[in-house]
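Participant: This is a predicted model, with the sequence first.
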2 protein chains.
Amino acid sequence: MPDRDSKTVTAALVIIGNEVLSGRTRDANLQYLGDELNKLGIRTMEARVIPDIEGEIIEAVNLLRAKFDYVFTTGGIGPTHDDITSAAIARAFGIGHHRDPEAEAILRTHYKAEDITEARLKMAEVPVGAELLDNPVSKAPGFRVENVYVLPGVPRIMQAIFEGFRHSLAGGQPMLSVSISSDVQEGQVGRELGELQACYPNAEIGSYPYVKGGKTGTSLVARSTDQVELDEIADKIRDLVRRHNEIPLE
Amino acid sequence: MPDRDSKTVTAALVIIGNEVLSGRTRDANLQYLGDELNKLGIRTMEARVIPDIEGEIIEAVNLLRAKFDYVFTTGGIGPTHDDITSAAIARAFGIGHHRDPEAEAILRTHYKAEDITEARLKMAEVPVGAELLDNPVSKAPGFRVENVYVLPGVPRIMQAIFEGFRHSLAGGQPMLSVSISSDVQEGQVGRELGELQACYPNAEIGSYPYVKGGKTGTSLVARSTDQVELDEIADKIRDLVRRHNEIPLE
């Protein structure tokens, strides 16, 4: 696990689900996790959306857990036959997969005796040695094995579980950002923005066109871990917008 | 390029942009392309969201174009310094990168002479030999190299370009689907759904819980390329819901 001194702490997401790839469901977890991790000083470097296929899950998780400080998976830990993430994670780590007594007790406390189906008890099956992650909404826990956090796909439940363990994540320097919008067009300021980026190689300067009320504009966004540097860049972006006779809005 | 006889035609998406990974922007292109490709009988097997880093783009594109029939990239083909996709695609294929005379002519026709900046002309730079893809919205073209289609990130523009070339994509058998919602809970029908899946190994049966008006329900979804098979499965899902004393809604 990374410590607070390391400069850049990184994460990858593995979004598991045929329904996301087929367009049936629009994923909301990447945006939430990208944003929340960012606040903790953890940079999401990659996200993969993959189908409910064991080999794909194993390959993605093993590759990404070796490459990044944290991996978060979403999806595939429910009670049905297509929920194969938990078993795949156990295989990825080469460890056993069992019904966890603590997880089973949580489910048995939550459901009435007549509602405890075999399918629901499947949600108590986790890799041996996994740490359970509390689910205050629907009780079936997420879990962690080493640097891999395994979460459900339903955004409201995923978010509630994340809120429960976020304090335990070791972040780096939070990435600060400033966003300045105006009616300036990207193509008008492309050269100047490139020059500004060249002056500040440790910052990240991006431009994002948008359409609002039928009019196109651009958000110029600077990101840096250094507040002083960020303030300087923001001033220069405001000047740039004014030189093009437009008003910088924040 | 796949022909219409091959059973499964596959695609991968590469979504390029720091702003998606940081949570600043919620991607809409995966859902659109997943859905539209599906209608053409092309199955999206993987999507990768990666940062604006040349090496990452090259690695993802080269791996995925070898593995799948089609690759679609979105993002990073605008006029600013962080728009590096076009040059990265040329490097991925080991071909030159030049200002395309046809693309330049399109831009010079669209913009007034005084608005033709160097930054805007950057949008006429494509890999040598690339086929231009018409952009009816903002003119700067997308392009294709072999089985890789390179599109912008702004959804409205990406979609307009896609609409222009979709007829040229060689699809397979379209995936048909039926979705049956009810107040049945996943955990109640997990075993029976698994048994149903086992009876129809060529179909894909999924269950997706949802919350509506404070009440949780489940969408049971079957997908198959065979309409007769799909109708049979749908009947069995309706029976399953009724056995649990709920009403199947479609």
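Facilitator: Thanks, I have the structure now. Numbering: from 1, shown residues only, chains lettered A, B, ... in the order given.

Participant: how about the residue nearest to A:Gly129 when sequence neighbours are not counted, what does it touch?
Facilitator: Spatial nearest neighbour of A:Gly129, chain neighbours left out: A:Ile95 (6.5 Å); criterion: CB to CB, 6 or more residues apart in numbering or on different chains. Where C-beta positions appear, they are placed from N, C-alpha and C, glycine not excepted. By CB atoms under 8 Å, 6 or more residues apart in numbering or on different chains, A:Ile95 lies in contact with A:Pro127, A:Val128, A:Gly129, A:Val145.

Participant: Now for those: which two are most distant?
Facilitator: For the contacts of A:Ile95, the farthest-apart pair by CB to CB is A:Val128 and A:Val145; their separation is 9.3 Å.

Participant: More neighbours: those two, which one.
Facilitator: Set side by side, A:Val128 and A:Val145 show more neighbours around A:Val145, with 21 against 12, by other CB atoms under 10 Å in any protein chain shown.

Participant: Give the bridge partners for that one, please.
Facilitator: Beta bridges link A:Val145 to A:Val148, judged by DSSP bridges.

Participant: is it true that A:Asp239 lies in a helix?
Facilitator: Yes - assigned with DSSP: H, G, I helix; E, B strand; the rest coil, A:Asp239 falls within a helix.

Participant: Tell me how far it lies from A:Ile95.
Facilitator: Counting by CB to CB, to the nearest Å, the gap from A:Asp239 to A:Ile95 is 57 Å.

Participant: Look at the closest residue to A:Arg156 other than its chain neighbours and give its secondary structure.
Facilitator: Leaving aside its chain neighbours, A:Arg156 sits nearest to A:Val137 (6.4 Å; criterion: CB to CB, 6+ apart). Three-state assignment for A:Val137 (three-state DSSP): coil.

Participant: what sits against A:Val137?
Facilitator: Applying CB under 8 Å, 6+ apart, one finds that A:Val137 lies in contact with A:Arg156, A:Ile157, A:Ala160.

Participant: at 10 Å what do you get?
Facilitator: Counting by CB atoms under 10 Å, 6 or more residues apart in numbering or on different chains, A:Val137 makes contact with A:Pro152, A:Val154, A:Arg156, A:Ile157, A:Met158, A:Gln159, A:Ala160, A:Ile161, B:Val211.

Participant: isn't the fifth one right next to A:Leu30, touching?
Facilitator: No - at 11.0 Å, A:Met158 and A:Leu30 do not qualify as touching, with contact defined as CB atoms under 10 Å.

Participant: Overlap in contacts, the two.
Facilitator: Counting by CB under 10 Å, 6+ apart, the contacts common to A:Met158 and A:Leu30 are A:Phe72, A:Thr74.

Participant: Three-state assignment for the residue nearest to A:Gly129, please.
Facilitator: What three-state DSSP gives for A:Ile95 is coil.

Participant: So which residues of chain A form strands?
Facilitator: Assigned by DSSP state E, the strands in chain A fall at A:9-16, A:42-50, A:70-74, A:97-99, A:125-127, A:131-133, A:142-145, A:148-151, A:176-182, A:204-212, A:215-224.

Participant: Spatially central residue in chain A, please.
Facilitator: What sits nearest the mean C-alpha location of chain A, by CA atoms, centre = their mean, is A:Leu33, with 3.0 Å.

Participant: which residues does that residue contact?
Facilitator: Contacts for A:Leu33 (CB under 10 Å, 6+ apart) come out as A:11, A:13, A:15, A:42, A:44, A:47, A:70, A:72, A:74, A:149, A:151, A:158-159, A:162, B:21, B:23.

Participant: Among those, which one has the most neighbours?
Facilitator: The most neighbours of any of the contacts of A:Leu33, using other CB under 10 Å, belong to A:Thr74, which has 31 neighbours.

Participant: Parallel or antiparallel, list what pairs with the lowest-mean-pLDDT helix or strand in chain A.
Facilitator: None of the helices or strands of chain A scores lower by mean pLDDT, DSSP states H and E than strand A:204-212, at a mean of 88. Using DSSP bridges, strand A:204-212 pairs in its sheet with strand A:215-224 (antiparallel).

Participant: What residues sit buried inside the partner strand?
Facilitator: For strand A:215-224, the neighbour count (16 or more other CB atoms under 10 Å in any protein chain shown) marks A:Gly217, A:Thr218, A:Ser219, A:Leu220, A:Val221, A:Ala222, A:Arg223, A:Ser224 as buried.

Participant: Just the CA trace of that strand, in PDB.
Facilitator: In PDB, the C-alpha atoms belonging to strand A:215-224 read as follows (Å, rounded to 0.1, in the frame of the first residue of the first chain):
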ATOM      1  CA  LYS A 215     -23.400  28.800 -28.600                       C
ATOM      2  CA  THR A 216     -20.000  27.000 -28.400                       C
ATOM      3  CA  GLY A 217     -17.600  27.900 -25.700                       C
ATOM      4  CA  THR A 218     -14.600  26.400 -24.100                       C
ATOM      5  CA  SER A 219     -13.700  25.500 -20.500                       C
ATOM      6  CA  LEU A 220     -10.000  25.900 -19.900                       C
ATOM      7  CA  VAL A 221      -8.900  23.700 -17.100                       C
ATOM      8  CA  ALA A 222      -5.600  23.700 -15.200                       C
ATOM      9  CA  ARG A 223      -4.700  21.000 -12.700                       C
ATOM     10  CA  SER A 224      -1.700  21.000 -10.300                       C
END
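
Participant: Now do it against strand A:176-182, angle only.
Facilitator: For strand A:215-224 against strand A:176-182, the angle by axes from the mean of the first three to the mean of the last three CA atoms, to 10 degrees is 160 degrees.

Participant: sorry, back to before: show me the contacts of A:Val137 that map onto helices.
Facilitator: Members of the contacts of A:Val137 lying in helices (criterion: DSSP state H): A:Arg156, A:Ile157, A:Met158, A:Gln159, A:Ala160, A:Ile161.

Participant: OK, contacts around the closest residue to A:Phe72 other than its chain neighbours?
Facilitator: Leaving out its chain neighbours, the residue that sits closest to A:Phe72 by CB to CB, 6+ apart is A:Tyr149, at 4.8 Å. When contacts are counted by CB under 10 Å, 6+ apart, A:Tyr149 is found next to A:11, A:13, A:33, A:70-74, A:131, A:133, A:142-143, A:161-162, A:165, A:168-169.
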